[in-house]
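J.: Next input, structure requested:
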Amino acid sequence: MIATYVLIYLATISVSALKLPDELPRCNRKDAKLNECIKSAYGPWLVTLAKGLPEFRAPSIAPLRIESLSIAQGSGPVNLVQNYTDVRYHYYELTTVTNVEATITDTEFRVRQETFAKNITFLANYKFDGNILTIPVVGEGKSSIVIGDVNISMDFIGDVIERDGERYVQIQTVKVGLNPATGTYKFENLFGGDDQKAEILHRVLNENAIEIFNDVRVGYEESVGQVVKKTINSIFAKVPFKDLFLD
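T.: Below is the predicted model:
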């Protein structure tokens, strides 16, 4: 569940089974209070994942890292492809869970998880060449995007499969929703270092931050969802179904 927030896992999947560390809370999937149990387990999972799980070769989620990310142009004010490398998401480890809805049977795995972040800071190297709000934008350098008061939703839909005599969860779909209330943008070396043009663009960006983010947020959400799906399946492929839960 909370392991959904490990956004990069580069190791090759091993066929040998592992057990989760004893300090990580587990829940009884048949318990009428399963949703509440998953919510209460959220904090301990975050603490552990912030440190990393070396036995799974899972790095710390503080920060979350993605090697590269490409965001397609939107249908509104953002008419450029955003290319990022060395992406780091800071403060995911400080999110709090607000709601969980889970259905986990012998054949089906469905979990909707809603969380809240006071802010999420996105740091990366960027490369732009296009238009935002009809303004030509060109630049390459370091970037910082901060979104505030963020409601995050993740829907996980999967199956329980059998492999080598053991059952494992395999996620088929991950749908991510990012809904911030505020946003600020900072891009270094815009327009080849023309500070006057950069100041004007930053003012426009920050005055229209949410409109701009919403125009391309599907790209962020889908990209994150793909990495999350890969990560979850990497971890769940190592932990048998019976060891994920108490029953």
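J.: List the buried residues of stretch 111-118.
T.: Under the neighbour-count criterion of 16 or more other CB atoms under 10 Å, stretch 111-118 has 111, 112, 113, 114, 115, 117 buried. C-beta here means a position set from N, CA and C on the backbone, and glycine is covered the same way.
J.: How far does that stretch sit from its chain's centre?
T.: How far stretch 111-118 lies from its chain's middle: 11 Å, per CA atoms, centre = their mean, to the nearest Å.
J.: same deal with stretch 118-136?
T.: That offset, for stretch 118-136, works out to 18 Å (CA atoms, centre = their mean).
J.: quick one, helices of this structure?
T.: Using DSSP state H, the helices found in the chain span residues 34-51, 195-207, 209-236, 241-244.
J.: and these, which one's lowest on average pLDDT?
T.: Sorting the helices of the chain by mean pLDDT places helix 209-236 lowest, at a mean of 82.
J.: Which positions within that helix qualify as buried?
T.: 209, 212-221, 223-225, 227-236.
J.: what's the longest strand in the chain?
T.: The residue-count maximum for a strand in the chain (DSSP state E) belongs to strand 135-163.
J.: Now residue 228: closest residue in space, sequence neighbours ignored.
T.: residue 174 (4.9 Å; CB to CB, 6 or more residues apart in numbering).
J.: Next: residue 38.
T.: residue 100 (4.6 Å).
J.: Can you tell me who that neighbour pairs with across the strands?
T.: residue 113 (DSSP bridges).
J.: helices or strands next to the longest strand of the chain in the packing?
T.: When contacts are defined as 3 or more CB pairs under 8 Å, 6 or more residues apart in numbering; DSSP states H and E, strand 135-163 packs onto strand 108-132, strand 166-179, strand 182-187, helix 195-207, helix 209-236.
J.: now the last one against helix 195-207, angle please.
T.: Looking back up the chat, that one is helix 209-236. Interaxial angle of helix 209-236 relative to helix 195-207 (axes from the mean of the first three to the mean of the last three CA atoms, to 10 degrees): 80 degrees.
J.: The residue sitting furthest away from the middle of the chain and residue 86: what is the separation?
T.: Within the chain, residue 196 marks the point farthest from the mean C-alpha position, 34.6 Å out by CA atoms, centre = their mean. Counting by CB to CB, to the nearest Å, the separation of residue 196 from residue 86 is 28 Å.
J.: swap in residue 247?
T.: Residue 247 is 42 Å from residue 86, by CB to CB.
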